[in-house]
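Trainee: fold the following.
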Amino acid sequence: MPASTHPFRNTECLLVVIPDDGIDVEAEARLYDELCDDQISIRPSTQPKSPQGPPSIFSRDIWLNDNSGTSLAFARNVHIAGWTSVGDKLGGAYVVYDCVIRTKEGTTIHAHKRYSDFVLLYDALKHSLPKHQHHFIPALPPKSPFSRYRATFLDRRRRQLQYWLSAVLLHPEIGACQAVRWWVMD
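Mentor: Numbers count the residues shown, from 1 in each chain. Below is the predicted model:
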């Protein structure tokens, strides 16, 4: 059996443990109601510098964001159904991927995109999103000029692009940005 390690040993955040007997639930409920009604103001000096959000009802050291499970992204499901070669290989053929996007309303959108369209979306996201969100955008699969028309390569790339597109479109903030909406509807 492996030695047990503390689950928060690598954390850099402040964690305050409140004893079980140290919480007056009724007093905390009253404080919460007062905070929600904006009847008291919290002095700026008592607020932590980061992150900003509504105060905890348990401690002034712990701050909560309003993550109620709602996502601003419009997509519910994303997959790439397949790919097809367009044109003559000698005269400038290219591959088109059938991106099937199911919206939260239940509408299915088929967006036919080339690999270069994925690159354009990647670049648009890198330019339009704040820097702290860049790490949510995975790297695109690499190009391979020598095997770009082989079925095994194209199927592997389809799976990689499906992972990439799902990570972008289903992200609660990135999936709601204007660059994503423009890319889907273009």
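Trainee: A81 is in what secondary structure piece?
Mentor: Remark: A81 resides in strand 75-86, with elements defined by DSSP states H and E.
Trainee: run through who's touching the helix or strand containing L125.
Mentor: Here L125, judged by DSSP H and E, is contained in helix 115-128. Here helix 115-128 makes contact (CB atoms under 8 Å, 6 or more residues apart in numbering) with 95, 97, 134, 137, 140, 143, 157, 161, 164-165, 168, 174, 177-180, 182-183. In short, each C-beta sits where N, CA and C put it, glycine included.
Trainee: helix or strand right after that helix?
Mentor: Next along the chain from helix 115-128, counting by DSSP H and E, comes helix 151-169.
Trainee: check which element follows that next one along the chain.
Mentor: Heading C-terminal from helix 151-169 (DSSP H and E), you reach helix 178-185.
Trainee: quick one: that following helix to strand 75-86, angle?
Mentor: Per axes from the mean of the first three to the mean of the last three CA atoms, to 10 degrees, the angle that helix 178-185 makes with strand 75-86 is 50 degrees.
Trainee: got the angle between helix 178-185 and helix 151-169?
Mentor: 140 degrees.
Trainee: any idea of the mean pLDDT for helix 178-185?
Mentor: Across helix 178-185, the average pLDDT comes to 91.
Trainee: helices or strands next to it in the packing?
Mentor: Helices and strands touching helix 178-185, by 3 or more CB pairs under 8 Å, 6 or more residues apart in numbering; DSSP states H and E, are strand 108-113, helix 115-128, helix 151-169.
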